[in-house]
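I'd like to go over a predicted model; first the sequence, then the structure.
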Amino acid sequence: MRIAVLASGNGSNFEVIAQAIKDKEIDAELVLLFSDHHDAYVLERGKKFGVPCESFELKEFSDKKNYEAALLELLKRYKAELVVLAGYMRIIGKELLEAFPNRIVNIHPALLPNFPGLHGIKDAYEAGVKETGVTIHFVDSGVDTGPIIAQGKVQVAESDRLEDLEKKIHQVEHQLYPQVLAEIVKEFHRDKE
């Protein structure tokens, strides 16, 4: 299965996925890393793994529709079969959703449907919940509303600072995301047989 990863920032989830593919824990080929920021650190991580890296920014296009059309063209050129969002901070538009039905996967740092949107960890922390976690879901036209694939729970200790909770969440992300992607790829291979 040909996987393309979309990321906007640091890329720790990308690195975990790339390592799992390299170690054959995920039976797939990482065909593309795309970032919507030319200076995102994730691109350095991509080069380290020898993954083809591409980037362009929304401001380089007249509107979001043209940006998405260029992104779709890129995904087609690399023959991507599964799109994996790893800290990609943009809403996926209609054209991409239609081109990859139930084949765009996202990770969110909270137990959806609670705390959707940009600041899942901070929102959960500020709400004072005793438990939060990580959700992996298929992407639909809403914000963090697609069908849930898996969740991992994280206990919030009274002594936890926001930074402590962020570390706990990232640990669960880095375990859960490769496991879930491995399962999705297995399903894909089973369906093809």
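On my side now, so go ahead.

going forward, measure contacts and count neighbours with C-alpha atoms only.
OK.

give the buried residues for the longest helix along the chain.
The single longest helix within the chain, with elements called by DSSP state H, is helix 162-192. For helix 162-192, burial by neighbour count (16 or more other CA atoms under 10 Å) applies to 165-166, 168-170, 172-174, 176-182, 184-186.

likewise for stretch 39-54?
So, applying 16+ other CA under 10 Å, buried residues of stretch 39-54: 40-43, 45-46, 51, 53-54.

give me the contacts around it.
7-12, 14-15, 18, 30-35 (CA atoms under 8 Å, 6 or more residues apart in numbering).

and the gap between E163 and A110?
With distances taken as CA to CA, to the nearest Å, E163 is found 15 Å from A110.

ok, V143 - contacts?
V143 neighbours (CA under 8 Å, 6+ apart): 91, 116-117.

so what does the longest helix of the chain touch, helix or strand wise?
Here helix 162-192 touches helix 12-22, helix 120-127, strand 131-138, strand 148-155, going by 3 or more CA pairs under 8 Å, 6 or more residues apart in numbering; DSSP states H and E.

among these, which comes closest to E98?
strand 131-138 (12.9 Å; CA to CA).

strand partners of the closest one, parallel vs antiparallel please.
strand 104-108 (antiparallel), strand 148-155 (antiparallel) (DSSP bridges).

list the contacts of the last one.
Just to be clear, that refers to strand 148-155. Taking CA under 8 Å, 6+ apart as the rule, strand 148-155 contacts 111, 130-138, 168-169, 172-173, 176, 180.

CA atoms only for it, dumped as CSV, please.
What follows is strand 148-155, C-alpha atoms only, in CSV (Å, rounded to 0.1, in the frame of the first residue of the first chain):
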residue,chain,number,x,y,z
ILE,A,148,-13.4,6.6,15.0
ILE,A,149,-10.9,3.8,14.3
ALA,A,150,-9.2,3.6,17.7
GLN,A,151,-8.6,5.5,20.9
GLY,A,152,-5.9,5.3,23.6
LYS,A,153,-6.6,6.7,27.1
VAL,A,154,-4.3,8.9,29.2
GLN,A,155,-4.8,9.5,32.9
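
now mean neighbour count and mean pLDDT too, for the helices and strands packed on helix 162-192, in JSON lines please.
Below are the helices and strands packed on helix 162-192 laid out as JSON lines (neighbours: other CA atoms under 10 Å; pLDDT from 0 to 100):
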{"stretch": "helix 12-22", "mean neighbour count": "20", "mean pLDDT": "97"}
{"stretch": "helix 120-127", "mean neighbour count": "17", "mean pLDDT": "97"}
{"stretch": "strand 131-138", "mean neighbour count": "23", "mean pLDDT": "98"}
{"stretch": "strand 148-155", "mean neighbour count": "17", "mean pLDDT": "98"}
